[in-house]
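*Asks:* Predicted structure and sequence below. I'll ask about it afterward.
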Amino acid sequence: MELVYLWVEEYKNIEEQEFNFSPKFNCHYDGETLTINKNIDEKGNKQYIENFFGDNINVTAIVGKNGSGKSNVLELIDNQSYENPKVSPFPVAVLDVGKIAIYYTEKEHNLYLYSKKELELTINVQPFIAHKTINTYEEDFQMIFTKPTPSHSQKEYLLLYDFLKNNNLYLPFEIPELINISIHDDYYDLLELIKNDDIDFSHTYSVFEEDISKRMKIYHILLLLAYLFNNKIDFDVVAKKDYNKTMSDLQTYIEHDSIKASISRFITSLQTYLEDFSFVTNNYINIRNVEDNFFKTYIEIIKRKNDNNSYSPFFGKNVFNFDLFPSMSDGEYQFIYLFNTIYSSIDKENILLLIDEGENFLHPNWQKKYISFIVQFIQDNFSDKKIHIIFTSHSPFLLSDIPKQNIIFLDTYEDGKCKVLKHDEVMNKKQTFGANIHTLLSDSFFMDDGLMGEFAKGKINEIIDFHNITKKKRHKKCLQKIYENREKGFRQTQSIVGDPYLKQVLENHLLEIDKFFDKKVAKEKLKARLQKQLAELDDD
């Protein structure tokens with residue numbers, strides 16, 4: 001199922017605006033009549049390319065200046081307002097604010113209208129639209145919303161490790177295959193909780209004990225201590241020389257047998273992988289060989305309870321460090337984070353995948369690959385699903401992969417309300433697919449005041465503004481004193497301007513300023529500069 005159209009009566013800064021999400025159709029509601037057309041030109045030619053992103057994928061981008069309402073559109077589709085979250089069956093929920101929604105089913109090749117408004121219909125497409133009641137719930141449809149902003153918490157890392165271990169997916173780049181397990185420095189603090197001065201404690205409870213069976217028991221004790229400490233469970237235990245006795249004493253404070261079993265299972269798994277190594281710090285394991293749920297079990301053991309009895313994604317006292325080898329770059333990490341979100345969420349036939357500014361924090365080189373990676377990931381792993389991706393973006397690199405027919409352009413009215421560009425306005429815009437970055441920035445992101453940085457523009461305008469003042473031919477002596485102090489700075493600014501045409505324009509402004517004060521001196525200055533340039537050419 002593909003989202004085709006949405007008419008929004010009022011939601012945050014969006015009032016009486018319509019959104020066409022599919023390049024196949026052009027829908028318009030004038031307050032009384034909803035008109036549905038195929039997106040074709042006067043000669044009947046399609047104004048879009050069929051299955052451009054693949055047989056099972058459609059992609060829609062939402063772009064616009066800051067504050068135009070990009071995130072609000074995704075929020076209202078997902079029906080998850082940050083101020084007033086609520087859960088309702090899809091697609092009923094979107095009608096609370098959308099009022100009119102149209103979906104297209106590839107399987108039935110049919111359009112479905114959901115509406116809370118009385119309206120007339122003008123239908124210029126085949127097959128005919130089908131009306132559905134507003135309480136219909138599509139069982140085979142799923143909405144996934146993500147704003148990929150990794151927290152880089154240990155829980156998040158462990159869930160990604162679990163994803164890398166347990167999936168059989170094709171990823172569009174090489175991923176690390178080895179993981180290193182080492183002891184966390186927190187073990188000092190944990191052992192202090194049961195320290196016994198009557199025994200040679202640091203030797204008896206050494207985490208670097210060479211006998212692996214003894215070392216596993218020490219690890220077992222550390223995990224029990226971490227669980228008790230992180231769950232704010234009071235206990236009074238003194239370490240014994242007999243590790244089994246210490247373990248038994250600690251376990252009496254744990255009510256849940258499932259936790260005790262998880263810790264034992266984790267230690268058994270760990271010993272399997274470590275028995276050929278003398279020290280845990282030297283151990284690298286192929287992540288594919290780790291036992292299923294190895295990382296999720298560790299999360300359950302080590303998670304930290306907050307004062308309100310909720311659990312934090314950031315752990316308290318820890319026992320082990322886990323590090324991939326080779327390590328992932330920030331870009332790879334963010335892509336794995338997004339792929340994990342998609343992989344762990346999909347469980348229906350038809351998917352509406354909403355991604356809010358997913359390219360944030362990515363280097364431009366990764367942004368260039370963003371659409372390609374996501375499309376390839378879905379094609380390789382979910383070819384049996386129908387997936388409509390709707391994403392917001394500030395990146396011209398992403399937009400250069402999207403035809404303008406697949407883009408919703410947002411602007412703002414003077415009062416800050418969202419303004420959606422109409423179909424004819426979109427078709428009159430320059431093509432975005434394969435376009436250069438400068439064209440995309442100026443034409444697609446509504447940067448009407450140019451692409452130059454404000455600081456550079458300010459420096460350049462100082463020269464132009466000063467020239468404009470001299471044109472008034474007043475206060476010559478006063479201006480000459482000011483110019484004597486500023487000329488060097490003006491010349492330095494002009495000399496480092498990167499655009500050759502603009503650099504020459506500024507040179508002309510400075511020449512006119514010199515001529516205002518003394519034409520003869522201006523001529524001598526120009527002559528000296530030209531002679532210097534000739535000398536530099538001779539040196540080359």
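*Replies:* In hand now; what should we look at? Numbers count the residues shown, from 1 in each chain.
*Asks:* now the nearest residue to residue 391 once chain neighbours are set aside, what's its secondary structure?
*Replies:* Leaving aside its chain neighbours, residue 391 sits nearest to residue 355 (4.1 Å; criterion: CB to CB, 6 or more residues apart in numbering). Any C-beta I mention is one placed from the backbone N, CA and C, and that applies to glycine too. Assigned with DSSP: H, G, I helix; E, B strand; the rest coil, residue 355 falls in the strand class.
*Asks:* now do residue 237
*Replies:* Put simply, residue 237 is coil when judged by three-state DSSP.
*Asks:* isn't it right up against residue 248?
*Replies:* No - at 9.6 Å, residue 237 does not count as touching residue 248 under the criterion of CB atoms under 8 Å.
*Asks:* Can you pick out the residue with more neighbours from the two?
*Replies:* residue 237 (21 against 12; other CB atoms under 10 Å).
*Asks:* where's the closest residue to that one other than its chain neighbours, which helix or strand?
*Replies:* Once flanking residues are discounted, residue 237 sits nearest to residue 249: 4.5 Å by CB to CB, 6+ apart. In the assignment (DSSP states H and E), residue 249 maps to helix 243-251.
*Asks:* which residues sit in contact with residue 122?
*Replies:* The contact partners of residue 122, by CB atoms under 8 Å, 6 or more residues apart in numbering, come to 33, 34, 35, 36.
*Asks:* Could you list every helix and strand in contact with the helix or strand hosting residue 515?
*Replies:* In this assignment (DSSP H and E), residue 515 forms part of helix 500-517. Contact partners of helix 500-517 among helices and strands, from 3 or more CB pairs under 8 Å, 6 or more residues apart in numbering; DSSP states H and E: helix 454-470, helix 476-495, helix 519-539.
*Asks:* would you put the C-alpha positions of that helix in CSV?
*Replies:* The C-alpha coordinates for helix 500-517 follow below in CSV (Å, rounded to 0.1, in the frame of the first residue of the first chain):
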residue,chain,number,x,y,z
PRO,A,500,37.1,34.9,-10.2
TYR,A,501,34.2,37.0,-11.5
LEU,A,502,33.4,38.3,-8.0
LYS,A,503,37.1,38.9,-7.3
GLN,A,504,37.3,41.2,-10.4
VAL,A,505,34.1,43.0,-9.4
LEU,A,506,35.6,43.8,-6.0
GLU,A,507,38.8,45.0,-7.7
ASN,A,508,36.7,47.4,-9.8
HIS,A,509,35.0,48.7,-6.6
LEU,A,510,38.3,49.3,-5.0
LEU,A,511,39.6,51.1,-8.1
GLU,A,512,36.6,53.4,-8.1
ILE,A,513,37.2,54.2,-4.4
ASP,A,514,40.8,55.1,-5.2
LYS,A,515,39.8,57.3,-8.1
PHE,A,516,37.3,59.1,-5.8
PHE,A,517,40.2,60.2,-3.5
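*Asks:* Now do that helix, average pLDDT.
*Replies:* Average pLDDT, helix 500-517: 88.
*Asks:* Next, the angle helix 476-495 makes with it.
*Replies:* Angle of helix 500-517 versus helix 476-495, following axes from the mean of the first three to the mean of the last three CA atoms, to 10 degrees, is 160 degrees.
*Asks:* Outside of helix 500-517 itself, list whatever touches it.
*Replies:* Helix 500-517 has contacts (CB under 8 Å, 6+ apart) with 460, 463-464, 466-467, 470-471, 473, 476, 479-480, 483, 487, 490-491, 493-495, 497, 521-522, 525-526.
*Asks:* Next: stretch 286-295.
*Replies:* 158-159, 161-162, 164-166, 176-179, 266, 269, 272-273, 322, 324.
*Asks:* What residue, apart from its backbone neighbours, is nearest residue 243 spatially?
*Replies:* Per CB to CB, 6+ apart, closest to residue 243 is residue 217, 3.9 Å.
*Asks:* Give me the pLDDT value at that neighbour.
*Replies:* Per-residue confidence (pLDDT) for residue 217: 96.
*Asks:* Also residue 482?
*Replies:* If you check residue 482, the pLDDT there is 93.
*Asks:* Counting neighbours, what do you get for it?
*Replies:* As a burial measure, residue 482 scores 12 neighbours (other CB under 10 Å).
*Asks:* separation between it and residue 469?
*Replies:* Distance of residue 482 to residue 469, computed by CB to CB, to the nearest Å: 9 Å.
*Asks:* Specify the beta-bridge partners of residue 115.
*Replies:* Using DSSP bridges, the beta-bridge partners of residue 115 come out as residue 100.
*Asks:* isn't it right next to residue 121, touching?
*Replies:* No - counting by CB under 8 Å, residue 115 does not reach residue 121; the two are 9.6 Å apart.
*Asks:* Give the helix, strand or coil label for residue 365.
*Replies:* Classification of residue 365 using three-state DSSP returns helix.
*Asks:* related to what we said a few turns ago, which one of the contacts of residue 122 sits in the busiest neighbourhood?
*Replies:* Taking other CB under 10 Å as the neighbour criterion, residue 34 ranks highest of the contacts of residue 122 with 23 neighbours.
*Asks:* In contact with the residue nearest to it when sequence neighbours are not counted, which residues?
*Replies:* Leaving aside its sequence neighbours, residue 34 sits nearest to residue 119 (CB to CB, 6+ apart; 5.1 Å). Contact analysis of residue 119 by CB under 8 Å, 6+ apart lists 29, 32, 33, 34, 100.
*Asks:* how about the residue most central in space within the chain, what does it touch?
*Replies:* Nearest to the mean C-alpha position of the chain, counting by CA atoms, centre = their mean, stands residue 358 at 2.3 Å. Listed by CB under 8 Å, 6+ apart, the contact partners of residue 358 are 146, 147, 148, 338, 370, 391, 393.
*Asks:* Who are the contact partners of the first one?
*Replies:* Right, residue 146. Taking CB under 8 Å, 6+ apart, one finds 338, 341, 342, 353, 354, 355, 356, 358 in contact with residue 146.
*Asks:* Format those residues as CSV; extra columns: pLDDT and distance to residue 411.
*Replies:* Converted to CSV, the contacts of residue 146 look like this (pLDDT from 0 to 100; distance: CB to CB, whole Å):
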residue, pLDDT, distance to residue 411
338, 93, 28
341, 91, 30
342, 92, 31
353, 94, 25
354, 94, 21
355, 95, 22
356, 94, 19
358, 91, 22
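*Asks:* Of those residues - the most surrounded one?
*Replies:* In terms of neighbours by other CB under 10 Å, these top out with residue 358 at 26 neighbours.
*Asks:* which stretch of helix or strand covers that one?
*Replies:* Using DSSP H and E, residue 358 is not contained in any helix or strand.
*Asks:* how close does it get to residue 390?
*Replies:* 11 Å.
*Asks:* In space, what's closest to residue 106 - neighbours in sequence excluded?
*Replies:* Excluding its sequence neighbours, the residue lying closest to residue 106 (CB to CB, 6+ apart) is residue 386, at 5.5 Å.
*Asks:* Please list all residues in contact with residue 317.
*Replies:* So residue 317 contacts 186, 189, 190, 225, 226, 229, 230 (CB under 8 Å, 6+ apart).
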